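1. heads up, no residue letters with this:
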């Protein structure tokens, strides 16, 4: 119920008719976890990396890598990113904030916000499982995502996670990839 990686694996099986064997050939396991997806995505295995917010599209996959005791997370992007205006806290100079619509499975709400809702929040009560929501990404002023982090929700004061060590913040790198078509057999 709370695994974005299991959700993404099931989506691939449903959308492309993949079997567990197909998943193992592509990703190195019949049931990859987010750390395995992160490793494959950062290596560019079967994906084209998305590094500019203007290129984010429905069907792309956002994978948060493991860090410390955190095991990572996987979410499927469901549409284009939209700029968050006015910017919400935390804010950083020379950056823009973007709301990215996603579908995933999680035990942690992406924020019970009216503007950027989590479909699992009904009447202010969150129910874990599959649903749609929003995450917030940061970019430089040209839209480059490289070197910038994210927040789990698009709510003021949400915890910011940088992709590399930064004073006062917990590192949690992420990558966005677009699946590349498999060659015909």
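-> Cool, got the structure. If you're wondering where the values come from, they're calculated on a predicted model, not measured in any experiment. Numbering: from 1, shown residues only.
2. what's the spacing between the residue most central in space within the chain and residue 76?
-> Centre of the chain computed as the mean C-alpha position; nearest residue by CA atoms, centre = their mean is residue 62, 3.0 Å away. The span separating residue 62 from residue 76 equals 8 Å under the rule CB to CB, to the nearest Å. (Each C-beta comes from the backbone N, C-alpha and C, glycine too.)
3. go on, residue 161?
-> Looking at residue 161 against residue 76, where the rule is CB to CB, the gap reads 19 Å.
4. residue 45 now?
-> With the distance defined as CB to CB, residue 45 ends up 18 Å from residue 76.
5. more neighbours, the two?
-> Looking at residue 45 and residue 76 with other CB atoms under 10 Å, you find the greater number of neighbours at residue 76, namely 20 against 14.
6. quick one: pLDDT of the more buried one?
-> The per-residue pLDDT reported for residue 76 equals 98.
7. can I assume it is in contact with residue 11?
-> Yes. Checked against CB atoms under 8 Å, the pair residue 76 and residue 11 is within contact range at 6.1 Å.
8. so where's the chain shaky on pLDDT?
-> Applying pLDDT under 70 to the predicted model, the residue ranges of the chain that meet it are 1-2, 182-185.
9. quick one, strands of the protein?
-> Residue ranges of the strands in the chain, as given by DSSP state E, are 47-49, 61-64, 73-77, 82-83, 95-106, 121-122, 125-126, 129-140, 150-151, 160-161, 174-179.
10. what is the first one packed up against?
-> Applying 3 or more CB pairs under 8 Å, 6 or more residues apart in numbering; DSSP states H and E, we find strand 47-49 packed against helix 34-42, strand 174-179.
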